[in-house]
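*Asks:* Have a look at this fold, sequence not included:
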């Protein structure tokens, strides 16, 4: 089931930004949200603006920042949707994207945050995500000023074609946070990484 960080860490080569990535719009940083044979897991094409959603989700439920002290990360979070190719519209460079049609942090289901591992030859917000160890903690700040704490329970490197979309984007069940970036080896022809690093974290009871 879960693959420990010790088993996947050696395969993650994102710490050395490939020369071929310089100046490129990295398709590798776009997280696929389709799963073959799992139509229910496909992400709907909808506006990336919270106010445009049917039902008008409370804006205070949106995350605005994420802090992960163990990898030296403090980044702002933007609410995003998907692009015309039904791919996760990851923000540029040092910003993290919250897939706004996933669960708000702390709510039942899966909260999905994604960011670049590198962007146009520079480190992205999740450049060091693969270094997170099980048991380490992180914080998500909400628009209302509240802060939610999470503890890392998994750090797994998936082949892009094997990304478990049904689990990553589930709408029910216990609250969980999924942090996603690119990893694995770099394909110079496609100018993208062959895998995705997925860090799973669960709320810390206070």
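*Replies:* That came through, no problem. For clarity, every value in this text was computed on a predicted model and none was experimentally measured. Numbering: from 1, shown residues only.
*Asks:* Could you pull up the residues touching the residue nearest to residue 168 when sequence neighbours are not counted?
*Replies:* Take residue 168 and drop its neighbours on the chain: the residue closest to it by CB to CB, 6 or more residues apart in numbering is residue 178, 5.2 Å away. Any C-beta I mention is one placed from the backbone N, CA and C, and that applies to glycine too. For residue 178, the contact set (CB atoms under 8 Å, 6 or more residues apart in numbering) comprises 110, 111, 112, 113, 168, 198, 199, 200.
*Asks:* For those residues, give me a markdown table that also has pLDDT and secondary structure.
*Replies:* Formatted as a markdown table, these follow (pLDDT from 0 to 100; DSSP: H, G, I helix; E, B strand; the rest coil):
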| residue | pLDDT | secondary structure |
| --- | --- | --- |
| 110 | 97 | strand |
| 111 | 97 | strand |
| 112 | 96 | strand |
| 113 | 96 | strand |
| 168 | 92 | helix |
| 198 | 96 | strand |
| 199 | 97 | strand |
| 200 | 97 | strand |
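*Asks:* In ChimeraX, how would I select the buried members of those?
*Replies:* Buried members of these, defined by 16 or more other CB atoms under 10 Å, are picked up in ChimeraX with:
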select :110,111,112,113,168,198,199,200
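*Asks:* With distance to residue 92 added, can I get the contacts of residue 178 in a markdown table?
*Replies:* Below are those laid out as a markdown table (distance: CB to CB, whole Å):
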| residue | distance to residue 92 |
| --- | --- |
| 110 | 24 |
| 111 | 21 |
| 112 | 18 |
| 113 | 15 |
| 168 | 22 |
| 198 | 21 |
| 199 | 21 |
| 200 | 25 |
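*Asks:* which one of the contacts of residue 178 is nearest residue 192?
*Replies:* Checking those against residue 192 by CB to CB gives residue 198 as the nearest, at 16.5 Å.
*Asks:* hmm, back to that, okay, the residue nearest to residue 168 and residue 144: tell me how far apart.
*Replies:* 22 Å (CB to CB, to the nearest Å).
*Asks:* If we ignore the residues flanking it in sequence, what's nearest residue 114?
*Replies:* The shortest distance from residue 114 to any non-neighbouring residue, by CB to CB, 6+ apart, is to residue 180 (4.3 Å).
*Asks:* Tell me where the model's unsure across this structure.
*Replies:* 1-58, 206 (pLDDT under 70).
*Asks:* do that again at 80, thanks
*Replies:* The model of the chain has pLDDT under 80 over residues 1-60, 82-89, 92, 190-191, 205-206.
*Asks:* residue boundaries of the strands in it?
*Replies:* Secondary structure of the chain by DSSP state E: the strands cover 63-68, 73-80, 96-99, 110-114, 118-119, 122-123, 137-142, 147-159, 176-187, 192-203.
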